[in-house]
Every structure is written in C-alpha cells, then in structure tokens.
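Trainee: From the sequence below, what's the structure:
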Amino acid sequence: PPRRCPRFARPSPRAPPPPSPPPPPPPLPPMAAGLKASLSLKGYTKATFGLDEQLAFRESVASLLGGAKFRRDRIVITAIEDVAASSGRRLLRRLLQTSYEVKITFTVALVSSGDETDMATNITSRVLSDADAFIKKMNASGATNVSLPSGGKFVLNNEGVMAPPPPSPAPPPTPPRPAKNTNCTWSSLQSLKTSGLPDGAQLGQQAGQCEDPDLDPNGIQNGTSCDLRCSWPSMDPSTSNKPLSPGPTVECQEGVPEPSGACHYCLSGGEFEWDCSGSGSSLSCTRSHTQCIMGDSSSGYEGITCPTPIAGDTDDSCNHCLSNGATGLDGSKNCNGKCTPGDSEDPCYKGYEDPSGHTGRRKLLMGPSSSPYGGGGYGGGPYG
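Mentor: Got it, this is the predicted structure:
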C-alpha cells in the first residue's frame, strides 16, 4: 500500500505583544499656591492607611473634582493622624476595624491664590456632599474599608492657602571658555610671564619656541605645544638659550595655554662632578676630575646624569643643588631642594662663591662639552 506522509499540526499564530504602557504625564506646571485642607474617615488607622489607600484617596478626589482632566498629582497628602490618639482615647485592638478613624491633611495645587474658596467649595459639593459616591469611588480604587466618620458625614476643614516654596537660587554663571579648536594666541602666551610658569622656566627674549616672533599674533594651534627656555645662568653663551630636555613646555588646550614640565638640576654628560664634604655649616663643594655619565635603560634615569632631576641632592655628585633641609654653603641659609645652577651667589648651588673670597672652595672647572645649568637631557647633547 502507498505510504502516507505524516501530518503536522500547523503552528498557532503568535499572540500579539502586549501594548506598551502609556507615556507618563508631562511635569505639572508651576502653581501659584495650594489649598490646605483636612477631613476624617473611618475604617483605617495611621498604620493601615498605606500607599495604596493614599493613592485611592488622591484618585477619588481628583476624579470627582474634574474627571480625567484633573490630575491627581495636584493633590498631595501631607499628614495622617489617628483621631482617637489625638483626642486622648486609646485604640483598642478588639474593636472592629470600622471603628478606627484617621484625619487626612492634604493640599491641592491652585492655579492662583484666589482659587482657594472655589476649590474648597468644589471639594465640598462635588466630592463630599454625596458620601455614598465618595465611598464607592474609594472602594473601587482600592480603599475597601472606608466608611463615614464620627458625626455621620464627611466634613472638609479649610486650613487656608499655602504659598509655594521660594524658587531655588540661580546657579552662578559659568565663566566663558574659548570655543573648541581655537588657537592659543600670542597674547595668551605672553600672559604666562606673570604666573603659572614651571620652576626655572622663562618667557622673554630668546625664551625658546614659545617666544618665536613668528607666533605673533596667531600663537600656537590647539593640541600643539612649544618649548620654554630654562633661566639658569650659563657660562657658555652658545647654549644659554637652549631648553633642557626634558624641559618645560606649554600645551594649547582649547585656547588655554597650559604649562608643564620643569628645568632639571642634572649636570651635562661629560661635565665634571661635584665633590661635597663636611656637614652643616662646614659643608663645602668643589669640582672633581671625574666626569658625569649619562644614565642608560638599566639605571632608571636614562638620558640624564642624576636620579633626582627636579630635586636637589647633596650626596649626588651629578646634581647641581643641595638637598632639602641642608644648610647652604654660606653657613646660614636653609635650602629647600632647589637652586639656580650657574648662579655663584646662590648658597644652595654647589658652585656658590663667598663674596669675601675666603671659602677655600675652588671655582668651576668646565668639561670639554659641558653646560652648568643641567643640560645633557634625554637627547644626550651638552644642553639636552
């Protein structure tokens, strides 16, 4: 007999996706004032009149006041009190729940403060005058135990108009910043002369790339930088205006010149080391006949001759400056770890010379390719 093909049940059509929830209503516009009122109802205590019951109260009042057009977020419950507790009578757990009574204080946002009387009248006439309708509306909204309070009817207590809270103070204006991708102009670079330059850096005549006359007036482009000159005095005029490496620079960030870097205190490669002996006021430093050597990758300070390039170190023979806390070579000054290399009048510089000439310290002996202001830099040349 012929074989029959198996029959497969047709897949049932997919159920349509559930409808998306309605979008939230727009924020309530600012209201001029608020009516403060209160009323009592039976069937609940302060503890049992929870969030669902509070929502039912707001929805019922809003619905009876204006239907769907009256927004429930205009009604805010501000207090719930046990009526028996406030009158001095204890609530008895053995009583039926319908004997409990609470006072609800709430506010209704008003378009203008003159609407207070009309709003109180509307709540009395549209919401509370028909007690059965109000109770049914509360029951349908989730508050199923509501009943008439003591006295047999709902009574609205008008407690006056509440002024809206004062507006928050306006935030301070944000200082204007230059537009993005703008140049740092010549004038903005020149403004660094009065503040913001790194230690030892200088803007002025022959002050490195940042003082190039070709930059006047346009300056440097956003995202680019220029080099500054280190202001250490030099005994070698051919290197006096060249920056140390790594030296101070100025980077342009959205039209704002941002200085960074520093002038270091390391001797140049090939320059004769300092030999300091003694301590305190008897400390003295002279030049030795040993030359400083550039550090390599294994030294931790590759490309320069000293491990602490921006802080003085009395014991480091390839550092121009005395340590922080050391007594200066004049026997009195307290050094802070900084000095001006090449300035023989700076007591924190190891080449200091007493004006009286009775120090016993030898004058500088310069190496064949030396610079007394810390050159040598990462580039390995006599000035960095």
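
Trainee: burial of G303, as a residue count?
Mentor: 20 (other Cβ atoms under 10 Å). Just so you know, the C-beta spots here come from the backbone N, C-alpha and C atoms, and that holds for glycine as well.

Trainee: If I look at it, what pLDDT would I see?
Mentor: pLDDT recorded at G303 is 77.

Trainee: Next: Q205.
Mentor: 48.

Trainee: same deal with S288?
Mentor: At S288, pLDDT is 93.

Trainee: residues in contact with T314?
Mentor: 276, 283, 322-323, 326 (Cβ atoms under 8 Å, 6 or more residues apart in numbering).

Trainee: any chance of the residues you listed in a markdown table, with distance to D343, pLDDT and secondary structure too?
Mentor: Shown next, in a markdown table, are the contacts of T314 (distance: Cβ to Cβ, whole Å; pLDDT from 0 to 100; DSSP: H, G, I helix; E, B strand; the rest coil):
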| residue | distance to D343 | pLDDT | secondary structure |
| --- | --- | --- | --- |
| C276 | 17 | 94 | strand |
| L283 | 18 | 92 | coil |
| L322 | 13 | 95 | coil |
| S323 | 18 | 95 | coil |
| A326 | 17 | 94 | strand |
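
Trainee: can you list those in a markdown table and add distance to G67 and neighbour count?
Mentor: Listed next are the contacts of T314 as a markdown table, based on distance: Cβ to Cβ, whole Å; neighbours: other Cβ atoms under 10 Å:
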| residue | distance to G67 | neighbour count |
| --- | --- | --- |
| C276 | 94 | 21 |
| L283 | 94 | 17 |
| L322 | 88 | 30 |
| S323 | 85 | 17 |
| A326 | 87 | 23 |
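
Trainee: would CSV of the residues you listed with distance to A311 be doable?
Mentor: Putting these into CSV (distance: Cβ to Cβ, whole Å) gives the following:
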residue, distance to A311
C276, 16
L283, 18
L322, 11
S323, 8
A326, 12
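
Trainee: Which of these sits closest to E101?
Mentor: E101 has its nearest neighbour among the contacts of T314 in S323, at 82.9 Å by Cβ to Cβ.

Trainee: Quick check, the closest one in contact with N336.
Mentor: No. Applying Cβ atoms under 8 Å, one finds S323 not in contact with N336, separated by 9.5 Å.

Trainee: Just the pLDDT at the nearest residue to A201 once chain neighbours are set aside, thanks.
Mentor: The shortest distance from A201 to any non-neighbouring residue, by Cβ to Cβ, 6 or more residues apart in numbering, is to P248 (3.9 Å). At P248, the model reports a pLDDT of 78.

Trainee: now swap in Q209 and tell me
Mentor: At Q209, pLDDT is 70.

Trainee: give the contact list for it.
Mentor: 226-228.

Trainee: cool, V155 as well?
Mentor: Counting by Cβ under 8 Å, 6+ apart, V155 has contacts 39-40, 128, 149.

Trainee: So it: helix, strand or coil?
Mentor: coil (DSSP: H, G, I helix; E, B strand; the rest coil).

Trainee: can you tell me how far it sits from P149?
Mentor: V155 sits 8 Å away from P149, going by Cβ to Cβ, to the nearest Å.

Trainee: okay, and the common contacts of these two?
Mentor: Listed as contacting both V155 and P149 by Cβ under 8 Å, 6+ apart are 39-40.

Trainee: Now do the helices in the stretch 251-384 of the chain.
Mentor: Secondary structure of the stretch 251-384 of the chain (DSSP state H, counting those that start in this stretch): no helices present.

Trainee: Can you list the residue ranges for strands in it?
Mentor: 256-260, 272-277, 284-291, 324-327, 334-336 (DSSP state E, counting those that start in this stretch).

Trainee: shouldn't the residue nearest to A201 be in contact with G261?
Mentor: Yes. If you go by Cβ under 8 Å, P248 and G261 touch, sitting 4.0 Å apart.

Trainee: joint contacts of those two?
Mentor: With Cβ under 8 Å, 6+ apart, P248 and G261 have common neighbours 198, 201, 228.
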